[in-house]
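In: Predicted model and sequence below, questions to follow.
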Amino acid sequence: MSSAPQSRKTFKLSDSLSRQLNTYAQVASAAGVSVLALAGASEATVVYTETYQVTHTGFPLYIDLNHDGINDFLVRTTFYAGTTGLEVGLNASGCRNTKNVVAGRRFGRSGYFLSAAYALPAGARIGPKGNFSVRFPLMAEELFNGVGSQYSDLGAWVGTGKGVTDRYLGLKFVVRGEVHYGWARLSVTLGHYRQFDDVSGTLTGYAYETVPDKPIIAGQITGPDVITVPPETLGGLALGRK
């Protein structure tokens, strides 16, 4: 004897979950992961990536903000020994695309000009009104004289001489011809030992705004419009894993 067919129960997705699934679809698609098309209008969303990476001399630290397999920015240490002294530093710049730029400014020193990246505090607004006019800006640099242990420091990331904790690079980058804004959170330490990796950066997270030309707030990692994406689990985006 066959039983009567049961009615199928239906449920309505919450607005928050709907936004998350929609964003997962966008990010996974950019990463080459096939997912089912999801209906609904796209909303402003911040995609945040948790990470922990430390710079090392000779090995640039790359940042792929939107996980499309193309590096957007890099942070690297520098080491130069010459007849007049020694320079050890850390700098940041766009990668591959000349329109990918780090927020910063130019300043004069001893008759010549340098470009320096801003060390933005949490809560800073990063967007179209920011200064993205400099190329290859330094973050922090130690300068030693040629004979002794005397040194001087350059850059907004040197703090009071030992570095800074949880400051933000302002980032402007282009995806499919459209400008987006983001940030990268780093801590910087300075050793003053006249050796490789004397100036070191630790990247602990980065984020970008999915809506073109919309500003982003440095350090915003919680809220209904923030999606956290662990970098090692992009393959799971198609399954809705967070």
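Out: Okay, I see it.
In: Distance check, the residue most central in space within the chain against Gly177.
Out: Nearest to the mean C-alpha position of the chain, by C-alpha atoms, centre = their mean, lies Ala184 at 2.9 Å. Distance of Ala184 to Gly177, computed by C-beta to C-beta, to the nearest Å: 23 Å. Where C-beta positions appear, they are placed from N, C-alpha and C, glycine not excepted.
In: Now for the nearest residue to Gly219 once chain neighbours are set aside: which residues touch it?
Out: Leaving aside its chain neighbours, Gly219 sits nearest to Ala122 (3.5 Å; criterion: C-beta to C-beta, 6 or more residues apart in numbering). Contacts for Ala122 (C-beta atoms under 8 Å, 6 or more residues apart in numbering) come out as 166, 168, 218-219.
In: what about 10 Å?
Out: With contacts defined as C-beta atoms under 10 Å, 6 or more residues apart in numbering, Ala122 is in contact with 166-168, 183, 185, 217-221.
In: Relative to Ile227, how far out is the nearest residue to Val175 once chain neighbours are set aside?
Out: Nearest in space to Val175, with sequence neighbours left out and distances taken as C-beta to C-beta, 6+ apart, is Asn66 at 6.0 Å. Look at Asn66 and Ile227: by C-beta to C-beta, they are 12 Å apart.
In: same question, Glu50
Out: 11 Å.
In: shared neighbours of those two, which are they?
Out: Ala207.
In: Quick check on these two: which one has the bigger neighbour count.
Out: Ile227 (21 against 14; other C-beta atoms under 10 Å).
In: what's across from the more buried one in the sheet?
Out: Here Ile227 sits in beta bridges with Val47, going by DSSP bridges.
In: that older thread, for the residue nearest to the centre of the chain, which residues make a bridge with it?
Out: Ala184 has these beta-bridge partners by DSSP bridges: Leu169, Tyr206.
In: so it touches Tyr48, yeah?
Out: No - taking contacts as C-beta atoms under 10 Å, Ala184 lies outside contact range of Tyr48: 11.1 Å.
In: Common neighbours of the two, please.
Out: Both Ala184 and Tyr48 are in contact with 205-208, where contact means C-beta under 10 Å, 6+ apart.
In: Format those as CSV; extra columns: neighbour count.
Out: What follows is the shared contacts of Ala184 and Tyr48, written out as CSV (neighbours: other C-beta atoms under 10 Å):
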residue, neighbour count
Gly205, 18
Tyr206, 24
Ala207, 28
Tyr208, 25
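In: Stretch 70-86 spans what distance, first to last residue?
Out: For stretch 70-86, the first-to-last residue distance is 34 Å (C-alpha to C-alpha, to the nearest Å).
In: Mind listing what's buried along that stretch?
Out: Going by neighbour count (16 or more other C-beta atoms under 10 Å), the buried part of stretch 70-86 is 70-77, 85-86.
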